[in-house]
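**Student:** would you be able to build a 3D model of this:
(one chain, ligands or ions: 2)
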Amino acid sequence: MVKTLEDLIGEGVSGRRVLVRSDLNVPLDGSAITDDGRVRAALPTIKRLAEAGAKVVVAAHLGRPKGEPDPKFSLRPVAGRLGELLGADVRLAGDVVGADAQAATAAQAEGSVVLLENVRFDPRETSKDEAQRAELAAEFAKLADAFVSDGFGVVHRKQASVYDVARVLPAYAGGLVLAELEVLGKLTGRPERPYVVVLGGSKVSDKLAVIEALLPKVDTLLIGGGMAFTFLAAQGHGVGKSLLEQDFVDTARKLLDEHGDKIVVPSDVVVADRFAADAATDTVSAGAIPGEWMGLDVGPRTVEAFAAKIAGAKTVFWNGPAGVFELAPFAAGTRGVGQAIADSGAFSVVGGGDSAAAVRVLGLPEEKFSHISTGGGASLEYLEGKELPGVAVLGEGS
Ligand SMILES: Nc1ncnc2c1ncn2[C@@H]1O[C@H](COP(=O)(O)OP(=O)(O)O)[C@@H](O)[C@H]1O
Ligand SMILES: O=C(OP(=O)(O)O)[C@H](O)COP(=O)(O)O
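**Tutor:** Ligands and ions are numbered 1, 2, ... in the order given. You can find the predicted model right below:
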């Protein structure tokens, strides 16, 4: 049996030091948070512990820094926002587990919150070497007496602050992780059919691996965003300077051969001469992407084709924006797909940091989605039937 946050509260946390792993990986424009959804989602667990008198130490990552401190990836803006939402100061430690983190946590009052600096500033966090990760986990463990895993968006990562630390501290599942798993469970049982999955985004290599496992489970797979170009290349099209995962082209061709009836790829693309809001743009057929240009959104014919499939669905899962929605000229595809899902009346789940942000930033009707999940890759791996290391480890000790 997995122990939960409520079990921990029941054991009594007043004066105890509790390490919480949250997913605070928010989209930033410079140092401004463009969507604080993940901070809001992390709030209930942190608040619950603080109100119960715990000394709360929050661990989180931001982006993918290269295992060393990099001011661009500092959690400072997040500490500020978390403090505003909590209505209390949140001290940001200057390091992950170093002298400043130790001093900040040693000086904590009951009910206070310290945020450790981006855990990915330490190369051991994401190391493939288990001994390295275990070493960092032991250092996290010195800062706390218990661990609450609440970062749903990152439970698919076997990383020190997600997985290894749960093996060295008494570990509990946070409310967000439990709530997310409960909703996603509805998609793994017997989803009402037709079951349509819409994929896009830019974490192409991560997600291409999931497609193969998902295909037998779904009726239709709509592929937009950055991952579409690997499939267009597999169909023999030139994709210019668009995102392309060359190593996966052969697999994409095999998937199109074997499941061509289920997979829908873009028939037209919005292309640009640069990755910029003021780039020159054009809308072309998927087979006519100019060599020096890049595809940054799906075109209107594609949106129409995707919307028709979505309109007939009873269950929809969407991860990954259909285009670079952050830049106005490339937002129409994501808006169109999102609106079609909202209008479908299907049981609909949208997951992922950027996908969830897109719903809010583009002003799509949030209330028309059945669930907006904080995790994209994590949701996909769960739907694929894969074990999530950050969840599995919570049951290990019992
Ligand atoms: N054609 C494209 N080329 C490059 N980037 C893209 C393209 N389409 C979408 N994106 C980018 O994908 C990013 C989100 O991808 P991803 O992290 O995979 O999604 P999520 O966070 O929802 O899981 C967005 O920032 C968006 O700008
Ligand atoms: O943004 C995240 O995932 P998502 O883009 O799949 O929703 C999580 O914070 C995990 O980040 P990672 O994919 O760099 O490990």
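**Student:** so stretch 119-139, near ligand 2 or not?
**Tutor:** No. Stretch 119-139 lies out of reach of ligand 2 by Cβ under 6 Å from any ligand atom, never closer than 8.1 Å. For every residue, glycine as well, the C-beta is placed using N, CA and C.
**Student:** does whichever residue of the stretch 201-350 of the chain sits closest to ligand 1 belong to a helix, a strand or coil?
**Tutor:** Residue nearest to ligand 1 within the stretch 201-350 of the chain: G201 (2.5 Å; Cβ to the nearest ligand atom). Under DSSP: H, G, I helix; E, B strand; the rest coil, G201 falls in the coil class.
**Student:** ok, now how distant is the residue nearest to it when sequence neighbours are not counted from H61?
**Tutor:** Distances taken as Cβ to Cβ, 6 or more residues apart in numbering place G320 nearest to G201, at 2.7 Å, with adjacent residues excluded. Distance, G320 to H61, using Cβ to Cβ, to the nearest Å: 19 Å.
**Student:** do the same with P27
**Tutor:** Distance from P27 to H61, counting by Cβ to Cβ: 14 Å.
**Student:** same question, L388
**Tutor:** Computed as Cβ to Cβ, the L388 to H61 distance reads 17 Å.
**Student:** over to G175?
**Tutor:** Using Cβ to Cβ, G175 is found at 20 Å from H61.
**Student:** same drill for these two, tell me which one is more crowded.
**Tutor:** For G175 and H61, the more surrounded residue by other Cβ atoms under 10 Å is H61, and the numbers stand at 27 against 16.
**Student:** surely the more buried one touches L116?
**Tutor:** No. Using Cβ atoms under 8 Å, H61 is not in contact with L116, being 10.1 Å away.
**Student:** can you classify V391 as helix, strand or coil?
**Tutor:** Under three-state DSSP, V391 falls in the helix class.
**Student:** count the residues that sit near the residue of the stretch 201-350 of the chain closest to ligand 1.
**Tutor:** Neighbour count of G201, defined by other Cβ under 10 Å: 25.
**Student:** quick check, pLDDT for it.
**Tutor:** Turning to G201, the model gives it a pLDDT of 97.
**Student:** cool, G397 as well?
**Tutor:** 66.
**Student:** any residues of the protein in contact with ligand 1? List them.
**Tutor:** Near ligand 1, when you scan the chain using Cβ under 6 Å from any ligand atom, you find 200-203, 225-226, 243, 295-296, 319-321, 323-324, 326, 352-355, 376.
**Student:** contacts with ligand 2 among the residues you listed, please.
**Tutor:** 203, 352-353, 376.
**Student:** export the helix or strand hosting V337 as PDB, just CAs?
**Tutor:** V337 is located in helix 332-344, with elements delineated by DSSP states H and E. Provided in PDB are the C-alpha atoms of helix 332-344 (Å, rounded to 0.1, in the frame of the first residue of the first chain):
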ATOM      1  CA  ALA A 332      -4.000  29.000 -35.100                       C
ATOM      2  CA  GLY A 333      -3.400  25.200 -35.300                       C
ATOM      3  CA  THR A 334      -3.300  24.800 -31.500                       C
ATOM      4  CA  ARG A 335      -6.300  27.100 -31.100                       C
ATOM      5  CA  GLY A 336      -8.300  25.100 -33.700                       C
ATOM      6  CA  VAL A 337      -7.400  21.700 -32.200                       C
ATOM      7  CA  GLY A 338      -8.200  22.900 -28.700                       C
ATOM      8  CA  GLN A 339     -11.500  24.500 -29.700                       C
ATOM      9  CA  ALA A 340     -12.500  21.300 -31.500                       C
ATOM     10  CA  ILE A 341     -11.800  19.200 -28.400                       C
ATOM     11  CA  ALA A 342     -13.700  21.700 -26.200                       C
ATOM     12  CA  ASP A 343     -16.700  21.500 -28.600                       C
ATOM     13  CA  SER A 344     -16.600  17.700 -29.000                       C
END
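**Student:** domains of the chain?
**Tutor:** Domain assignment of the chain by automatic domain parsing yields the ranges 5-178, 190-383.
**Student:** quick one: end-to-end length of the first one, please.
**Tutor:** The first and last residues of domain 5-178 sit 10 Å apart, counting by Cα to Cα, to the nearest Å.
**Student:** buried ones in stretch 179-189?
**Tutor:** Neighbour counts using 16 or more other Cβ atoms under 10 Å place 179-181, 183-184, 187 of stretch 179-189 among the buried residues.
**Student:** residues in contact with it?
**Tutor:** 152, 195, 315, 317, 347, 349, 370-371, 373-375, 378-379, 382-383, 385, 391 (Cβ atoms under 8 Å, 6 or more residues apart in numbering).
**Student:** buried ones among those residues?
**Tutor:** With burial judged by 16+ other Cβ under 10 Å, the buried subset of the contacts of stretch 179-189 is 152, 195, 315, 317, 347, 349, 370-371, 373-375, 378-379, 382-383, 391.
**Student:** of those residues, which belong to helices?
**Tutor:** Members of these lying in helices (criterion: DSSP state H): 378-379, 382-383, 391.
**Student:** for the lowest-mean-pLDDT helix or strand in the chain, buried residues please.
**Tutor:** With mean pLDDT, DSSP states H and E as the measure, the helix or strand of the chain carrying the lowest mean pLDDT is helix 204-214 (a mean of 88). Buried residues in helix 204-214, counted by 16+ other Cβ under 10 Å: 204, 207-208, 210-211, 214.
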